[in-house]
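Visitor: Predicted model, plus sequence, below.
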Amino acid sequence: MKKILLFLLILPFTVIGQEKGIKFEHGLNWSQVKEKAKKENKFIFVDLFTTWCGPCKYMSAAVFSQNKVGDFFNPKFVSTKIQMDKTDQDSEEVKSWYAEAERFAQDYKITAYPTFLVFNPQGELVHRMVGGGEADEFIERTKDALNPETQYYALLKDFENNPTDLALAHRMVRAANTAYDEATVIQAEDIIISQTKSENLTKECAAYLVANTRTSRSKAFDLLRNNPEKIDALLEKNGATNRVLASVAINEVLGTKIDFNTEPNWESLKTEISEKYSNIDFDPIFKLMKAQYYMQSHNWAALKDIVENYLISEDLNSNQLNSYAWEIFENCNDAACLDAALKWSKKAVEKDVKSAYLDTYANLLYKKGDKINAIKWQEEALSLANEGEQDNYTDTLAKMKSDLPTWQL
């Protein structure tokens, strides 16, 4: 696995016929799935996905297929997948679920993918999760579905019955963000913010605001916007508040106006959003948007330049550094681009030692001609790899030892 942040992740979509991991039902309709779960006294795990969703493909290829994930799910759940979009290549089985997919989308307000729903053995919806993750973290998230005290819809009912409970509101915001339930996030945040004044902001509250603000329609957004210097000082992170404000504003104002198939008019977009939010600095986030465009358009020299420019005044997390570095490794042979990517990759490894980052670093060293150190770091990556990564990393190591390219020629 090369990119943990899923900018442009494309992985093989292999589910039907997989021999390990989660056993997904085939040949059953929704009523039969519920009957099977009731008879076996199991919960129902439903994976709602689309064919174009990168994180959906990653979950199927690299998470659901792991033995430890199957060992957790199979004794406890009857599992099924529902494709939420339609394509010309759909099988008869997928087509037979079209009507059910439309009902799920409407009844359960599905607006993001992947969405995972969990029903109890009686067929009642008890839990909701949105977004992918690594195997161990995903198992831990799913455990909440089995406990009545942590099930999302039980927590939601408790919150509705106790709308002024501050501790419960904090729990509700975290859970609602995970469930992609914006209305509940705003409601819970309003309770929290109503008891938080600018003059008595604490470090804990500042960290909460930065981590949980998702919409400009919340009081949390206003509190951030009115107190950027104070919140940055509390967190000891210059620019932290601005990054959150800019991200939220960009998603809401420009999200549907950006088509990465053609280069946007960056200055026009920046002018449009700056007129609405005059006190937010959009330069850093526009650089990241340009980086994504240059990746998609395969303009590797421009990608190198914009990332290097961004790093002069800002920082990137290890996932972002790794993603950019891997894109250049796979697609570019220019020495200057490879040097920059190697620098980013080394920085990612220094920030966080993960198998994916080590694999990227090793591959870049190898492409630059440093075989000895490449093998050393690839062996380290393999030692930290999970089940879904081991075969790939073993194959890469064998190629390095045999002086074969590890990239497409």
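Guide: Cool, the structure landed.

Visitor: got the buried residues for the helix or strand where residue 377 lies?
Guide: Using DSSP states H and E, residue 377 sits within helix 371-384. Buried residues in helix 371-384, counted by 16 or more other C-beta atoms under 10 Å: 374-375, 377-378, 380-382. In this view, the C-beta of every residue, glycine as well, is placed from N, C-alpha and C.

Visitor: Also stretch 243-262?
Guide: 243-246, 248-250, 252, 254.

Visitor: swap in stretch 340-350?
Guide: Quick answer for stretch 340-350 (16+ other C-beta under 10 Å): 340-349.

Visitor: do stretch 314-322 as well
Guide: Quick answer for stretch 314-322 (16+ other C-beta under 10 Å): 316, 318-322.

Visitor: Save the buried residues of stretch 243-262 as a markdown table, and put in distance to residue 42, secondary structure and pLDDT too.
Guide: Below are the buried residues of stretch 243-262 laid out as a markdown table (distance: C-beta to C-beta, whole Å; DSSP: H, G, I helix; E, B strand; the rest coil; pLDDT from 0 to 100):
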| residue | distance to residue 42 | secondary structure | pLDDT |
| --- | --- | --- | --- |
| 243 | 43 | helix | 93 |
| 244 | 40 | helix | 94 |
| 245 | 45 | helix | 96 |
| 246 | 45 | helix | 95 |
| 248 | 40 | helix | 92 |
| 249 | 44 | helix | 92 |
| 250 | 43 | helix | 89 |
| 252 | 40 | helix | 86 |
| 254 | 44 | coil | 81 |
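
Visitor: any idea which of the residues you listed is closest to residue 391?
Guide: Distance to residue 391, by C-beta to C-beta, is smallest for residue 243 among the buried residues of stretch 243-262, at 37.4 Å.

Visitor: who are the neighbours in contact with that closest one?
Guide: 284-285 (C-beta atoms under 8 Å, 6 or more residues apart in numbering).

Visitor: where's it relative to residue 397, distance?
Guide: 38 Å (C-beta to C-beta, to the nearest Å).

Visitor: now residue 344, what's its secondary structure?
Guide: helix (DSSP: H, G, I helix; E, B strand; the rest coil).

Visitor: List the contacts of it.
Guide: 307, 316, 321-322, 324-325 are the contacts of residue 344 under C-beta under 8 Å, 6+ apart.

Visitor: switch to 6 Å and redo it
Guide: 321, 324-325 (C-beta atoms under 6 Å, 6 or more residues apart in numbering).

Visitor: Tell me which entries of these lie within helices.
Guide: 321, 324-325 (DSSP state H).

Visitor: Go through the buried residues of stretch 314-322 and name the one nearest residue 152.
Guide: For the buried residues of stretch 314-322, the nearest to residue 152 is residue 319 (26.2 Å; C-beta to C-beta).

Visitor: Point me to the helix or strand that includes the closest one.
Guide: Counting by DSSP H and E, residue 319 is part of helix 318-331.

Visitor: Using CSV, write out every CA atom in that helix.
Guide: Below are the C-alpha coordinates for helix 318-331, written out as CSV (Å, rounded to 0.1, in the frame of the first residue of the first chain):
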residue,chain,number,x,y,z
SER,A,318,3.6,12.2,6.5
ASN,A,319,0.7,10.8,4.5
GLN,A,320,0.8,13.8,2.1
LEU,A,321,4.6,13.7,1.7
ASN,A,322,4.4,10.0,1.0
SER,A,323,1.6,10.4,-1.6
TYR,A,324,3.5,13.0,-3.6
ALA,A,325,6.8,11.1,-3.4
TRP,A,326,5.1,7.9,-4.6
GLU,A,327,3.5,9.6,-7.5
ILE,A,328,6.8,10.9,-8.7
PHE,A,329,8.6,7.5,-8.2
GLU,A,330,6.0,5.7,-10.3
ASN,A,331,5.7,8.2,-13.1
